[in-house]
Structures are given as C-alpha cells and as structure tokens.
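Chemist: need a 3D model of the sequence below.
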Amino acid sequence: MRKYLLFLLTLFPLLGSAQQQEVEVQRIEWSMNFGASLFKDKFFDASAPRDGYVLDTELRYNLRQVPVDVGLMLNYDMRIMDDYAYDRVDWYDSNTFMAVSDYNFRRGRGVSCFIGLGVGVTSYYRWDTHKFTVMPRVGVEFFNFLRMTAAYQMGMGSKQNLNVTLGLVIGGYRKRW
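Modeler: Predicted coordinates for the structure are as follows:
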C-alpha cells in the first residue's frame, strides 16, 4: 500500500505554481466512476480474494467563493470468489454512503487536481453489519469531464482498501458568460 500512496503523492507536482485566479464553474456536477478495489487486509474471509471491482456515483456542489466542493457519494464494492470445493461462485460485497468534500487546484481549467475527504457508513454481509468509514482521496480531472481518483477507505473494525477509479463527469463546466 505504501507504493500506492507514494505514487499518489507524485501527482502533486502537476499542480504547478501557486493558485491562479479562480475560474467560475457551474455549481452542480455529477460523476459516475468504475474501477479496481485493492484490499489491504482479508476482512471478509481468509479465503476471500483481495481484489475486486468498485462502482460509485457522486453528486457535488461547487462553492462560489472558494475552490471547494461538497457532496454525497454512494459506493458499491464487490469481490467474486470461486468456491471449487462446493462447485459454486460466491461474492462478497459492501455498500458505502458518505459525505465528501474536495479542495480543487486549477478548477475549471484543462487539467485540474483535487484532494479530499469522505466520512460515512459502510454496510457489509448483504448489508446487515454497519461500520464507520473515513476516506481520504486525491485525483485529477481532465477537460472537465474525465475524472481519475484514488481513494483509501478505512475504519475501526472495517475493511481497508484502495479504490482506483476512472469516471465521467456531467456538469461543473467552466462558465462562459
């Protein structure tokens, strides 16, 4: 996991020099993301696979005076496991609902970066067990519609995994008037 975090820290030279004059952007934006989920631990079961898939959707509101957005995110995480002893296929899944906020660098420009935090609840085992979850994240947005994010979900007594996603953004474009 340290290799992943070091890689993420190398993204910040893309930020360039100090913040320039902020560009006015649309207030509401929505994104749909898909990617890989990499486990740090074996939370579900010792025989469970360590990698899986993640699908999330997010609705954000861009604040007017500062380059910050706030929003809500719904995340679905799944791992498929072949159980050859019983000749069946099983899956482990979790569902996360959280409030998120990001600080945006170079907002509204061709390439912009962000760093953020999410806080919420993760439900496990067909959503019978609920755990508090914190999620720091970093990412890059290209041309105001393609978003690449790396987020690390963690919590006491909950799974810990790195989600790397690629998504499409609708809204939040640079205002032209």
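Chemist: residue boundaries of the helices in the chain?
Modeler: Assigned by DSSP state H, the helices in the chain fall at 2-9.
Chemist: hang on, residue 67 packs against residue 113?
Modeler: No - counting by C-beta atoms under 8 Å, residue 67 sits too far from residue 113 to count as a contact (10.7 Å). To be clear about C-beta, it is placed using only N, CA and C from the backbone, and glycine gets the same treatment.
Chemist: what is in contact with the two at once?
Modeler: With C-beta atoms under 8 Å, 6 or more residues apart in numbering applied, the overlap between the contact sets of residue 67 and residue 113 consists of 104, 105.
Chemist: separation between the residue nearest the centre of the chain and residue 27?
Modeler: For the chain, the residue sitting closest to the mean C-alpha position, by C-alpha atoms, centre = their mean, is residue 151 at 4.6 Å. The spacing between residue 151 and residue 27, counted by C-beta to C-beta, to the nearest Å, is 23 Å.
Chemist: what's the burial count for residue 25?
Modeler: Residue crowding around residue 25 was assessed by other C-beta atoms under 10 Å; the count is 21.
Chemist: any idea what it is bridged to?
Modeler: The partner list for residue 25 in beta bridges (DSSP bridges) reads residue 174.
Chemist: who's in contact with residue 32?
Modeler: Neighbour list for residue 32: 56, 57, 167, 168 [criterion: C-beta under 8 Å, 6+ apart].
Chemist: ok, residue 112 touching residue 141?
Modeler: Yes - distance between residue 112 and residue 141: 5.0 Å, which falls inside the contact criterion (C-beta under 8 Å).
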